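Asker: this is a predicted model, with the sequence first.
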Amino acid sequence: MTPKAFRKYANDLETFPGDAARAWRSAGAAGVWLELRRRTFDRAGGFSRYLVIEADLSTIREIPMPDGIEIRPFKGPDWSLLGDLGGYRLTRCFARAAEAGRVCLVAWRGSTAVGYIWFSPKMEQCYENFDLSMPPDAIFLWQIQVARSERRRGVGAALGSFGLVMAREQGYRRSWMITRSDNLAAQGTIASLAPSRVFGSVNRIKVTSWMHTRFHVLPTPQPLPRASIL
């Protein structure tokens, strides 16, 4: 094992207790499992299948802010202000992403961050673990997260609506999102905001540091059913 790889795994062990505790408070058991998976199965590799979802920004359902919530762009530099939504691994990644030009919108209840959403004009290997060429009129919805205490109150939908309207005002006509097939919350959020369809999939095979991805376009895109506000 190289010194760099050793430091990586040592860092995984050192940061897991704190990040797992934050994940439990913000996302419950699913969040803890995600932190564990990132440090074990995702490191070793395996096969993953993701859906590629496109939303039409010509018709966006504009969602009012929930009572007591304010949404505004956030560029850091103190990413620890995200509190339980962050964690050691994420805050380091988010700092690099903001410097690279990705845009983060944060929902605040007073001084507490209760949700965030990220947008990017491109996909990059260092963040997505695959690299797909995007149309010039498409914006990439990178990540969305809402604190467990605020779910089912419209925070996720308000974040998405705010960000998509902002993207449309900047000239984008559609958004892309890549998500696991079992991430029904993310799929439901985007479907509640704009006409959306699954138009492709990404298959990824990873064995430690070796990785191969394949993008497949569906012969007939599948519309996502419009969901209730999340």
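Answerer: Yep, it's here.
Asker: so what does whichever strand or helix holds residue 187 touch, helix or strand wise?
Answerer: In this structure, residue 187 sits in helix 184-193 according to DSSP states H and E. With contacts taken as 3 or more CB pairs under 8 Å, 6 or more residues apart in numbering; DSSP states H and E, helix 184-193 sits against strand 45-56, strand 138-146, helix 155-169, strand 174-180. Any C-beta I mention is one placed from the backbone N, CA and C, and that applies to glycine too.
Asker: present these as CSV; the columns should include distance to residue 21, mean neighbour count and mean pLDDT.
Answerer: Below are the helices and strands packed on helix 184-193 laid out as CSV (distance: least, CB to CB, whole Å; neighbours: other CB atoms under 10 Å; pLDDT from 0 to 100):
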stretch, distance to residue 21, mean neighbour count, mean pLDDT
strand 45-56, 26, 17, 90
strand 138-146, 16, 22, 94
helix 155-169, 22, 22, 95
strand 174-180, 24, 20, 94
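Asker: hmm, back to that, quick one: buried residues of the helix holding residue 187?
Answerer: 185, 186, 187, 188, 189, 190, 191, 192, 193 (16 or more other CB atoms under 10 Å).
Asker: then stretch 218-225?
Answerer: residue 224.
Asker: contacts for that stretch, please.
Answerer: Contact with stretch 218-225 is made by 53, 54, 187, 190, 191, 195, 196, 197, 198, 199, 200, 201, as judged by CB atoms under 8 Å, 6 or more residues apart in numbering.
Asker: again, only this time at 10 Å
Answerer: 51-55, 187-188, 190-192, 194-201 (CB atoms under 10 Å, 6 or more residues apart in numbering).
Asker: so the residue most central in space within the chain versus residue 79, what's the distance?
Answerer: By CA atoms, centre = their mean, the mean C-alpha position of the chain lies nearest to residue 143, the distance being 1.4 Å. Note on residue 143: its distance to residue 79, by CB to CB, to the nearest Å, is 13 Å.
Asker: overlap in contacts, those two.
Answerer: With CB under 10 Å, 6+ apart as the test, residue 143 and residue 79 both reach 90, 93, 94, 97, 104.
Asker: low pLDDT regions in this structure?
Answerer: Applying pLDDT under 70 to the chain flags residues 1-6, 227-230.
Asker: would you map the strands across it?
Answerer: 45-56, 69-73, 103-109, 112-120, 138-146, 174-180, 196-207, 210-223 (DSSP state E).
Asker: so which of those strands is nearest residue 20?
Answerer: strand 138-146 (15.7 Å; CB to CB).
Asker: sorry, back to before: and the strands of the chain as CSV, adding distance to residue 132?
Answerer: Below are these laid out as CSV (distance: least, CB to CB, whole Å):
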stretch, distance to residue 132
strand 45-56, 8
strand 69-73, 25
strand 103-109, 19
strand 112-120, 12
strand 138-146, 9
strand 174-180, 8
strand 196-207, 7
strand 210-223, 6
